[in-house]
Structures are given as structure tokens and as C-alpha cells.
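> sequence? don't have it. structure:
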């Protein structure tokens, strides 16, 4: 297989990364609309659109910010280079940035209800589709794993067989999406929390197989961001657990 694997469609030669990224967004949006029409949405329309806008802005900023801090040395060397600053983004940064943006807007609006359940399954499916493009892009995408002698290692073009961590993630997200469709949440917001905890936990583990820059204690910036997200959700789970205990007393 020759990387990048271009897509020939109607006489056009499409690069796999933007092609599958756009497809992931489109399928995710379709699923949001379909799930909303099937199950309804208890969040008022004006609040929902504010939340969507906050998620988009926060996600865009978060995905860039975490990408910049993946390699502090490169950031110090190229902090004034627009090409470097605009070059990449991270899924974990996008999710956490979107979460921060939504929580800030909800606080400003005085909205106390959870608003993310509608997004859990579309996010899992959309990210999985996007990762197809990451895999087909090969080395320039920088989402490949470390060298391996396992029989399913993939040579992305430099003669080194590496863990196809993009494929690992696609498999995980496919299973996660299926599990979320079968999940019966006890409280509003549980579906989105389950997605976030599962995905952040997966990335914390799977990123040990990537040749990323380790910024502290042998962990990458993305792994530290995953830990921060998991600590945030552990606080909410402990709080909800304490509330449940008080209700049962």
C-alpha cells in the first residue's frame, strides 16, 4: 500500500485526511438530527444553539492549543510561524476544549441540565470515520504508533513496521458506539460522561504506543490532558454518588 492513499472520485483525486474528516462531520451531524427526531431533545432551541456554538469554538481552540503543547521545544522554536500554528489539531484537545466552552456558556445562561447525551454516539462514529483518513494519510498525519514486530505492524512508507494505532482506535470507537446504543442511562448526562471517560481512558493507554514527546513522568501532553479530563469526571461521579447515598438515607 502506497501512503497517502488518495481517493479517486468522479475524476477527482482527493486527499484522504480532509475527505474522511469531512465525511466524519457529515455523518455525525446526520446522526445528531436523526437521534434528536427519534428521541427528542429537552433542551430549548435557543440554549441548544448556544451550546453548539460554544462546543464548536471551544473545540477548535482546544484542539489547536493541545497540539501546540505536544512538543514544547517545537513551540518555542516556531511560536511565531503561522504555518506551524495552523498545521495540526488533536481530538482530545477538541473534546476537552468543547467541554470547557459548553460549561462556561451554560453557567452564563443559568442552564443546569446536561446537554451532551445527544452528541455521544455521533462523536464516537464521527471520530472513527475521521481516523480512517488518518490511517490512509500515513506518516505526515503523525498518528501512527511506535515500531513493532507484531505481524499486523504497518509500514507507512519509511520501511519501519509500526503499530496501526489509528486502526486500534477505529475498532475501539466502533465497539464504544455500539455499547452506547445499548446503554440505558440512569441520569441525564450519563451517556456523554460514559463516552468521555471511555475515550479519555482509551487514549491514556493507547498513546503509550505512540512515539510522542514525553513532557513529564514519561507521559505526553495528550496523556496529561486525558488525566485532567478523567479527574474532572471522577469528581462529578463522586458527587453524584454522594447525592445518591443521601437520597437513600
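That came through, no problem. This structure is a prediction, so every number in the text was calculated from the model and none was measured.
> which residues does residue 190 contact?
By Cβ atoms under 8 Å, 6 or more residues apart in numbering, residue 190 lies in contact with 117, 183. From N, CA and C alone the C-beta is placed, and that goes for glycine too.
> any idea how far residue 233 is from it?
11 Å (Cβ to Cβ, to the nearest Å).
> For the residue most central in space within the chain, which residues are in contact?
Central residue of the chain (Cα atoms, centre = their mean): residue 91, 3.6 Å from the mean position. By Cβ under 8 Å, 6+ apart, residue 91 lies in contact with 63, 127, 130, 203.
> Pull the contacting residues for the closest residue to the last one other than its chain neighbours.
To tie it back to what came earlier, the one meant is residue 203. The spatially closest residue to residue 203, leaving aside those adjacent along the chain, is residue 226, at 5.1 Å (Cβ to Cβ, 6 or more residues apart in numbering). If you count contacts by Cβ under 8 Å, 6+ apart, residue 226 has them with 92, 200-201, 203-204, 207.
> Which strand or helix spans residue 8?
Counting by DSSP states H and E, the element that carries residue 8 is strand 7-9.
> brain fart, residue 20
helix 16-39.
> And for residue 176?
Judged by DSSP H and E, residue 176 forms part of helix 165-182.
> Next secondary structure after that helix?
helix 190-206.
> what comes up buried for that following helix?
190-200, 202-204, 206 (16 or more other Cβ atoms under 10 Å).
> pLDDT weak spots in this protein?
Along the chain, segments meeting pLDDT under 70 span 236-249.
> hmm, try it at 90
Residue ranges of the chain with pLDDT under 90: 1, 10, 33, 36-52, 75, 78-88, 109-116, 184-189, 235-249.
> Can you give me the separation between residue 72 and residue 224?
From residue 72 to residue 224 the distance is 12 Å (Cβ to Cβ).
> more crowded one of the two?
Taking other Cβ atoms under 10 Å, residue 72 and residue 224 do not tie; residue 224 has more neighbours (18 against 12).
> Just say helix, strand or coil for residue 5.
Three-state call for residue 5 (DSSP: H, G, I helix; E, B strand; the rest coil): coil.
> For it, list the residues it contacts.
16, 136-138.
> so which strand or helix has the closest residue to residue 219 other than its chain neighbours?
Computed as Cβ to Cβ, 6+ apart, the closest residue to residue 219 that is not its neighbour in sequence is residue 227, at 7.6 Å. If you go by DSSP H and E, residue 227 is part of helix 221-248.
> just curious, which of the contacts of residue 226 is nearest to residue 218?
Of all the contacts of residue 226, residue 207 has the smallest distance to residue 218: 11.2 Å, by Cβ to Cβ.
> So for the closest one, what's the nearest residue that isn't a sequence neighbour?
Ranked by Cβ to Cβ, 6+ apart and with sequence neighbours excluded, the top spatial neighbour of residue 207 is residue 223, at 5.2 Å.
> Ok, residue 78 next?
Residue 78's closest residue in space is residue 84 (Cβ to Cβ, 6+ apart), at 3.8 Å.
> For residue 72, see how far away that neighbour is.
For residue 84, the distance to residue 72 equals 13 Å [Cβ to Cβ].
> re earlier: hey, what's in contact with both of residue 72 and residue 224?
residue 215.
> on that earlier part again, tell me how far the residue nearest to the centre of the chain lies from residue 150.
24 Å.
> Please apply the same query to residue 160.
Distance from residue 160 to residue 150, by Cβ to Cβ: 13 Å.
> which residues touch the closest residue to residue 192 other than its chain neighbours?
If the residues on either side of it in the chain are set aside, residue 192 comes closest to residue 116, at 3.1 Å by Cβ to Cβ, 6+ apart. Residue 116 makes contact with 102, 189, 191-193, according to Cβ under 8 Å, 6+ apart.
> Any chance of these in TSV with distance to residue 154 as columns?
Listed next are these as TSV, based on distance: Cβ to Cβ, whole Å:
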residue	distance to residue 154
102	36
189	38
191	33
192	33
193	33
